[in-house]
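>>> Build me a structure from this.
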Amino acid sequence: MIGDKIGICHGATGDENVWSHAQSKLDPEVREQRWQEARLLCVQCPVLDACEAYVSDLEEQGIYIDGVVAGRFSDVDAAHVINDYRQDRCCGCGQRMLPRRRRGSSDLAKHEGIERVHVGEGLCDQCWPIMSRKARGHGQAA
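Reported below is the predicted structural model:
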């Protein structure tokens, strides 16, 4: 709750909690559908700006956020998290994109044919300039 407004995710538990990283144990297709639902719900939330400020503040401190918060995954490196989720589809256009930690990696062969690159905030290089927090006027982009 922020001020007199309650976030859409406030109080979500168990199967209702589509934001949780615990969803990673689900079938990959089901998990992605639930995370996509979480991202879409966040965009409609009355306290989205406050959540974005919260996530940005934690990321500036180098703190990794688990799961979907403010409609996206954390931009902080989660190398210490076992089996962490690597986003491979853009939140903006839904196109496949080369995950950030894969650039320059030796396993690029399995990403052959993917032209878009993950820039940040779950957005590809085509969507980020127009859909990022900075472009929307919600603070500095990551």
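>>> In contact with the residue nearest to residue 119 when sequence neighbours are not counted, which residues are there?
Counting by Cβ to Cβ, 6 or more residues apart in numbering, the nearest residue to residue 119 once its immediate chain neighbours are dropped is residue 128, at 4.2 Å. In short, each C-beta sits where N, CA and C put it, glycine included. With contact set as Cβ atoms under 8 Å, 6 or more residues apart in numbering, residue 128 has these partners: 92, 119, 120, 121, 135, 141.
>>> What about the first one, how many residues nearby?
Meaning residue 92. 18 (other Cβ atoms under 10 Å).
>>> did I read that right, it in a strand?
No - secondary structure of residue 92 (DSSP: H, G, I helix; E, B strand; the rest coil): coil, not part of a strand.
>>> next structured bit after the longest helix anywhere in the chain?
For the chain, the helix reaching the highest residue count under DSSP state H is reported as helix 28-44. Downstream of helix 28-44, the next assigned helix or strand under DSSP states H and E is helix 48-60.
>>> Dump that following helix to CSV, keeping only the CA atoms.
Presented in CSV, the C-alpha positions along helix 48-60 are these (Å, rounded to 0.1, in the frame of the first residue of the first chain):
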residue,chain,number,x,y,z
LEU,A,48,3.5,1.5,-10.8
ASP,A,49,5.6,4.7,-10.5
ALA,A,50,6.2,4.0,-6.8
CYS,A,51,7.2,0.4,-7.6
GLU,A,52,9.6,1.6,-10.4
ALA,A,53,11.2,4.0,-8.0
TYR,A,54,11.5,1.2,-5.4
VAL,A,55,13.2,-1.2,-7.9
SER,A,56,15.5,1.5,-9.3
ASP,A,57,16.6,2.4,-5.8
LEU,A,58,17.4,-1.2,-4.9
GLU,A,59,19.2,-1.7,-8.2
GLU,A,60,21.3,1.3,-7.7
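>>> Name the strands paired with the helix or strand just after that helix and say parallel or antiparallel.
Sequence-wise, the next helix or strand downstream of helix 48-60 (DSSP H and E) is strand 97-98. Its sheet considered, strand 97-98 pairs with strand 116-120 (parallel) by DSSP bridges.
>>> Contacts made by the helix or strand that the strand it pairs with is followed by with the rest, please.
Sequence-wise, the next helix or strand beyond strand 116-120 is strand 123-124, with elements assigned using DSSP H and E. Residues from elsewhere that reach strand 123-124 (Cβ under 8 Å, 6+ apart): 90, 91, 92, 93, 95, 97, 116, 117, 118, 131, 132.
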